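S.K.: next come a sequence and a model predicted from it.
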Amino acid sequence: MNAQNPQATLAFDTRTRILDLAGGLLMERGYNAFSYQHIARELGVKPAAIHYYFPSKDDLGTAIVTRQLKRLRKWRDLPRVADLPPAEQLEALFAVYDNHARQECRVCLFGALAADFRTLPPAMQAELRTFNGELTAWLAQVLAVGKATGALRFVGSPSAKAVQVLTTLAGALQVARVHDETPYHTIVGQLRLELLV
C-alpha cells in the first residue's frame with residue numbers, strides 16, 4: 001500500500017480485515033446475529049479497536065454494503081464482463097452466484113439482508129436499495145440486448161425478467177443452504193433452459 005507510511009498501511013489492512021470478517025459473518029448469519037465481540041475475538045483485539053474504525057455497527061454495516069456496491073460497479077465495468085455478448089454476460093452473473101453456492105452455500109448480499117431489512121439502519125437500507133437497483137438495471141439491459149439480438153428469449157419486459165431472475169437466484173442460494181448445492185444447480189439449469197436460445 002504505502003511503503004513510506006507503515007502505520008497507514010497497517011490501518012488500511014486492519015480496516016480491510018474487519019470488513020472481510022464482518023462481511024463473512026453477515027453473509028453467514030445475518031446482520032443481527034453478529035457483534036463486535038465476534039470480530040474482535042477473530043482478530044485477537046478488544047472490541048474498542050473495532051470502534052476506532054467503525055464507531056457503531058450501523059457504520060460497519062453500511063460500509064459492508066457500500067464496498068459490495070463498489071465491487072458490483074467494478075465487476076460490471078470490467079472488459080471481461082462488459083465486452084461479452086449478452087448470453088455470456090448472463091453466464092458471468094451465474095458464475096458469481098455459483099461461487100456463493102460453492103462457499104458452504106453462502107447466500108448473496110441481498111438474501112442475507114432482506115429478512116432483516118426493517119431493522120437495518122436507514123443508511124444501510126439506502127445502500128442495499130442502490131445495490132439491488134443497479135444490479136437489476138444492469139441485468140435488464142443485458143436481457144434487453146439479448147432479446148433484441150436473438151441471443152436470449154423470454155416473455156415480458158426486460159426489467160420484470162431481471163427482477164424474476166435475481167429473485168430466483170437469491171432464493172436458489174437459500175434452498176441450497178437448507179439442503180445442498182443440488183437444488184441450486186437444478187434451479188439455475190432451469191433458468192438457462194428458459195433464457196438461452
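M.R.: Noted; the coordinates are in hand.

S.K.: pLDDT weak spots in this structure?
M.R.: 1-12, 105 (pLDDT under 70).

S.K.: center of it - which residue?
M.R.: Closest to where the C-alpha atoms of the chain average out (Cα atoms, centre = their mean) is Leu109, at 3.9 Å.

S.K.: looks like that residue contacts Leu69 (just checking).
M.R.: No: between Leu109 and Leu69 there is no contact under Cβ atoms under 8 Å: 9.1 Å. Every C-beta, even on glycine, is put in place using the N, C-alpha and C of the backbone.

S.K.: so what sits against both of those two?
M.R.: Phe131 (Cβ atoms under 8 Å, 6 or more residues apart in numbering).

S.K.: looking at this protein, which helix is longest?
M.R.: helix 122-149 (DSSP state H).

S.K.: which helices and strands does it pack with?
M.R.: helix 57-77, helix 86-102, helix 109-114, helix 158-178 (3 or more Cβ pairs under 8 Å, 6 or more residues apart in numbering; DSSP states H and E).

S.K.: most tightly packed of these?
M.R.: helix 109-114 (a mean of 22; mean count of other Cβ atoms under 10 Å).
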